[in-house]
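K.L.:
generate coordinates for the sequence data below:
(one chain, ligands or ions: 1)
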Amino acid sequence: MERRASENARAEALRAEQAYVSMLYHRLDTVRERADKALSAEFGRGTPGGTRQARFERDVAAHEHARRITQLAGVERGLCFGRTDDADGETYYIGRVGLRGADNELVLIDWRAPAARPFYTATPSDPGPLVRRRHLHTRGRTVVDLDDEVFDLGRMSEPDRRTLVGEAALMAALRRGRTGRMGDVVATIQTEQDQVIRSGLPGALVVQGGPGTGKTVAALHRAAYLLYAHRDTLERRGVLVVGPNAMFLRYIGHVLPSLGETDVVLTTVGELYPGVRATVADEPAAAIVKGDPRMAELVRRAVRDRQRVPSGDLEVLIAVRTSLRDGVEVVVEQMALRMDHATCVRARERARAVRSPHNVARKLFIDSALTALALDEARQLDRPLDEEDLRYARKALWQMPSVRKALDRLWPLLTPERLISELFSDPEALRSAVSSGDDRDGVMLLTPEEQQALLRPSGAPWTTGDVPLLDEAAELLGEDDSAARAAERAARRERQADELYAREVLEITGVAEEEMLDSRTLAGRHLTDGPAATTAERAARDRQWVYGHVIVDEAQELSAMAWRTVMRRIPTRSLTIVGDVAQTGSAAGARSWRDMLDPYVKGRWREARLLVNYRTPAEIMEVATDVLAAVAPDQEPPISVRDGEAPPRALRIPGADLAVALPELVASELAEIGDGRLAVLTPDARHREIAALLPQAASALTADALDSPSVVLTVTQSKGLEFDSVVVVAPDEILAQSPKGGQDLYVAITRATRRLMVVHEGELPPMLSRLNGD
Ligand SMILES: Nc1ncnc2c1ncn2[C@@H]1O[C@H](COP(=O)(O)OP(=O)(O)OP(=O)(O)O)[C@@H](O)[C@H]1O
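P.N.:
Numbering: from 1, shown residues only. Presented below is the predicted three-dimensional model:
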């Protein structure tokens, strides 16, 4: 009897919530339609010959509508996921965006708004104003389940009391199979994560936490929150999220759009220098040297080495008389112009003294040299020179190929790419930059072994460790961007002409523009190549862009040189730094946050710690804890909140049997996890061999590798990712592959959300003995 009453009450509650949620979707559709129409109208408005101001206003308005359309498209799934009831009888519905009803009343509260905060912060011991928190589970636009937490039963109304339903929303969320893409957790943000998400914008915040504690997911929600709370500042300057590799960025790529935010730049350190896309990692020895702060000095010296003076006087032959023979211009008389050594040295010192970047200071050097050569020419020809003559003579000399060549050799116009590639492919250039010179402090910057680690053939592909060096070089060289700016102006003129032409065609044919192109297409066109590109697009193209906030994930992997590159993009030091020093795998990465951050924000950074592991089941975490205790006993492992479905196991497979036994094991694990995802994690050196044994599994670092049910990855590639089932191959070799092998093994084990198998050929490493039941 009582059960039936409760079922009825539950059905009633579901019906009521469904009615409300249907109303919300109806509002969403209305708002979308309105934004669509407004965008079409913007494009149809005004004549092509309107003033620049009118066109600019139209672009800005259209951009705003386009942004709103993109935002609204992202929030369809799970539009509303929560509700709070407080002691005063106020009820709020919480969702991905804020919505107003027909009478302008708030019908849905944006999860980032202050009024939504109790939804995340209420706990049984400190419920704040709430008497109940309700989670709404939806599929499509249908409410399929409800889930209540009651804080004060005494203050709840009788009907509400009867409709209390559900199991803990968090556990339900955690039990879902993995899809290869990180989802948002907006419905189940935990209190300690909420504090990270809503921490103030200024200053540097370090979020330190063990594996699976939600650092990444909290950082992404923080990006969305900051954009909401500081829209004015951040929309203009943009938010940058730096992740470890392209696969990881793809893994997290859906989270921000599902929170209604698309204007964030997601990138890797290897892509921070526009025009270069470095995906190849360096060998550990090279990674260590390239990440070392001494490289800043090395690049500085390499630039100075390109500011030369000849060992004696500079002598340049110029043509004095030419004649045409058979249509070819031939030099019939030459003259040697001289600039004495001391004047060369003075010209260089004067150009250096202004402390401008190399390519900018070059103008000064060239000017001084041309003056000296022009004076010598006048002297030899016994011709007096006034200011006007001198200007003319300098110009004429600069037109002469022999003069240009001679001066270019002394102070060449350099690109960062040319400087760095010549430095690393020419042992002599490297040795010169490394060794002490007259203006140096007598210190050899790098040992012969370190130099050896840097040398490579010319034309070798860029590595991720090169990018900070290119950025460093770009700072010191300065950019001669006059050509790029001229090209941009030309492109803009061409675009405007195209647009004018298109409108004229439309007018002549009498077809309204919006009939030919729907507003989304227009919005797409507008965003990709229209005059008002998004902040994110402009920022990603511009090396000197200064962001409003920067989030660095897996930050423990960044070298000291990579930090210099990141810090240049955020002079205000408004940063969120997310990572776990116990998981550092890169030979050039961090051992402590203090070492990495003190050079930039000494004593001014704050730290939040996340302590609960939402990913790895407790039984698997026990194994990981043993590993951590063996390799980094000072680090604290996080506490797991969930259980696995099967105890983790070790399986001894002799090498000769691997070809048969490993595919069998993978097949049986795949059968266990149904729709979920499986990863085989290998030592770096075994990746190719193991991938060949598993042809069905994805193995390249391609963007869609994560869509495959199974994937073979090195441990480094698996950083930040998670899988329902993880098969770790050859743990002894993972341990031995680098000085950070123990940390790598810890990372590998903690990628599992449900099941773990460890495949070993020889003896199991003692730190994994728990897997043998020891
Ligand atoms: N509040 C939450 N509600 C639901 N799921 C959560 C919550 N917090 C974290 N998770 C889930 O836990 C998993 C781990 O989160 P995340 O990848 O952000 O952890 P991490 O600390 O960055 O891990 P690692 O350091 O190992 O990369 C993800 O699947 C994430 O969705």
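
K.L.:
all helices for the stretch 201-350 of the chain, in order.
P.N.:
Using DSSP state H, counting those that start in this stretch, the helices of the stretch 201-350 of the chain run over residues 215-229, 231-237, 246-252, 255-258, 284-291, 294-305, 341-353.

K.L.:
CA atoms of the fourth one as CSV?
P.N.:
The C-alpha atoms that make up helix 255-258 are tabulated as CSV, following Å, rounded to 0.1, in the frame of the first residue of the first chain:
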residue,chain,number,x,y,z
VAL,A,255,33.3,20.2,-22.1
LEU,A,256,33.3,23.9,-22.7
PRO,A,257,30.8,23.9,-25.6
SER,A,258,28.4,21.8,-23.4
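
K.L.:
for Ala473, see how far away Ile366 is.
P.N.:
The span separating Ile366 from Ala473 equals 21 Å under the rule CB to CB, to the nearest Å. The C-beta positions use only the backbone N, C-alpha and C, and glycine is treated the same way.

K.L.:
looking at the two, which one has more neighbours?
P.N.:
Looking at Ile366 and Ala473 with other CB atoms under 10 Å, you find the greater number of neighbours at Ala473, namely 24 against 21.

K.L.:
contact partners of the one helix or strand the more buried one maps to?
P.N.:
The secondary structure element spanning Ala473 is helix 466-477 (assigned by DSSP states H and E). Identification of contacts with helix 466-477 by CB atoms under 8 Å, 6 or more residues apart in numbering yields 269-273, 276, 278, 290-291, 295-296, 299-300, 302-303, 357-359, 414-417, 419-420, 462, 543, 559, 561-562, 564-565, 568.

K.L.:
related to what we said a few turns ago, of the helices of the stretch 201-350 of the chain, which stretch is the most buried?
P.N.:
Among the helices of the stretch 201-350 of the chain, ranked by average contacts under mean count of other CB atoms under 10 Å, first place goes to helix 215-229 (a mean of 24).

K.L.:
quick one: that one to chain centroid distance?
P.N.:
Counting by CA atoms, centre = their mean, to the nearest Å, helix 215-229 is centred 14 Å from the centre of its parent chain.

K.L.:
in PDB, list the C-alpha atoms belonging to that helix.
P.N.:
Provided in PDB are the C-alpha atoms of helix 215-229 (Å, rounded to 0.1, in the frame of the first residue of the first chain):
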ATOM      1  CA  LYS A 215      41.400  18.700 -11.600                       C
ATOM      2  CA  THR A 216      40.900  18.900 -15.400                       C
ATOM      3  CA  VAL A 217      37.200  18.900 -15.200                       C
ATOM      4  CA  ALA A 218      37.200  21.600 -12.400                       C
ATOM      5  CA  ALA A 219      39.600  23.700 -14.400                       C
ATOM      6  CA  LEU A 220      37.400  23.600 -17.500                       C
ATOM      7  CA  HIS A 221      34.300  24.600 -15.400                       C
ATOM      8  CA  ARG A 222      36.400  27.300 -13.900                       C
ATOM      9  CA  ALA A 223      37.100  28.700 -17.400                       C
ATOM     10  CA  ALA A 224      33.400  28.700 -18.000                       C
ATOM     11  CA  TYR A 225      32.700  30.300 -14.700                       C
ATOM     12  CA  LEU A 226      35.300  33.100 -15.100                       C
ATOM     13  CA  LEU A 227      34.000  33.900 -18.600                       C
ATOM     14  CA  TYR A 228      30.600  34.300 -17.000                       C
ATOM     15  CA  ALA A 229      31.600  36.300 -14.000                       C
END
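
K.L.:
enumerate the residues of the stretch 651-774 of the chain near the ligand.
P.N.:
Within the stretch 651-774 of the chain, the positions near the ligand by CB under 6 Å from any ligand atom are 720, 722, 750.

K.L.:
quick one: pLDDT of the closest residue to the first one other than its chain neighbours?
P.N.:
In this structure, Gly720 finds its nearest non-sequential neighbour in Phe248, 4.8 Å apart by CB to CB, 6 or more residues apart in numbering. At Phe248, the pLDDT value in this model is 87.

K.L.:
for Phe248, which residues are in contact?
P.N.:
When contacts are counted by CB under 8 Å, 6+ apart, Phe248 is found next to 553-554, 719-721.

K.L.:
among those residues, name the buried ones.
P.N.:
Those of these that meet the buried threshold are 553-554, 719-721, by 16 or more other CB atoms under 10 Å.

K.L.:
columns pLDDT and secondary structure on top of these, output as TSV?
P.N.:
Converted to TSV, the buried ones among the contacts of Phe248 look like this (pLDDT from 0 to 100; DSSP: H, G, I helix; E, B strand; the rest coil):
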residue	pLDDT	secondary structure
Asp553	95	coil
Glu554	92	coil
Lys719	88	coil
Gly720	89	coil
Leu721	92	coil
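
K.L.:
between these, which is closest to Ala336?
P.N.:
Sorting the buried ones among the contacts of Phe248 by distance to Ala336 puts Glu554 at the head of the list, at 60.7 Å, by CB to CB.

K.L.:
and for the nearest residue to that closest one once chain neighbours are set aside, the neighbour number?
P.N.:
The shortest distance from Glu554 to any residue other than its chain neighbours is 4.3 Å, reached at Pro244 (CB to CB, 6+ apart). Look at Pro244: counted by other CB under 10 Å, it has 26 neighbours.

K.L.:
quick one: residues contacting Pro244.
P.N.:
Taking CB under 8 Å, 6+ apart as the definition of contact, the neighbours of Pro244 are 268, 553-554, 557, 719-720.

K.L.:
give me that answer again for 6 Å
P.N.:
Contact analysis of Pro244 by CB atoms under 6 Å, 6 or more residues apart in numbering lists 554, 557, 719.

K.L.:
also Phe151?
P.N.:
Phe151 makes contact with 127, 130-131 under the criterion CB under 6 Å, 6+ apart.

K.L.:
tell me the bridge partners for Asp110.
P.N.:
Gly95 (DSSP bridges).

K.L.:
now do it, the pLDDT please.
P.N.:
Reading off the per-residue confidence, Asp110 sits at a pLDDT of 93.

K.L.:
wait, it touches Gly98, no?
P.N.:
Yes. Asp110 is within contact range of Gly98, at 3.9 Å (criterion: CB atoms under 6 Å).

K.L.:
hmm, back to that, and the helix holding Ala473, how far out from the chain middle?
P.N.:
Between the mean C-alpha point of helix 466-477 and the mean C-alpha point of its chain there is a distance of 18 Å (CA atoms, centre = their mean).

K.L.:
ok, stretch 614-633 next?
P.N.:
Computed by CA atoms, centre = their mean, the separation of stretch 614-633 from the middle of its chain amounts to 28 Å.

K.L.:
state the helix or strand in which the residue of the stretch 1-150 of the chain found nearest the ligand lies.
P.N.:
Going by CB to the nearest ligand atom, the ligand is nearest to Tyr120 of the stretch 1-150 of the chain, at 9.2 Å. The secondary structure element spanning Tyr120 is helix 117-121 (assigned by DSSP H and E).

K.L.:
helix, strand or coil for Trp563?
P.N.:
Per DSSP: H, G, I helix; E, B strand; the rest coil, the secondary structure class of Trp563 is helix.

K.L.:
residues in contact with it?
P.N.:
With contact set as CB under 6 Å, 6+ apart, Trp563 has these partners: Met596.

K.L.:
so who does whichever residue of the stretch 601-750 of the chain sits closest to the ligand touch?
P.N.:
Among all residues of the stretch 601-750 of the chain, Tyr614 sits closest to the ligand, at 3.5 Å; criterion: CB to the nearest ligand atom. Taking CB under 6 Å, 6+ apart, we find Tyr614 in contact with 174, 212, 214.

K.L.:
I appreciate the help and will end here.
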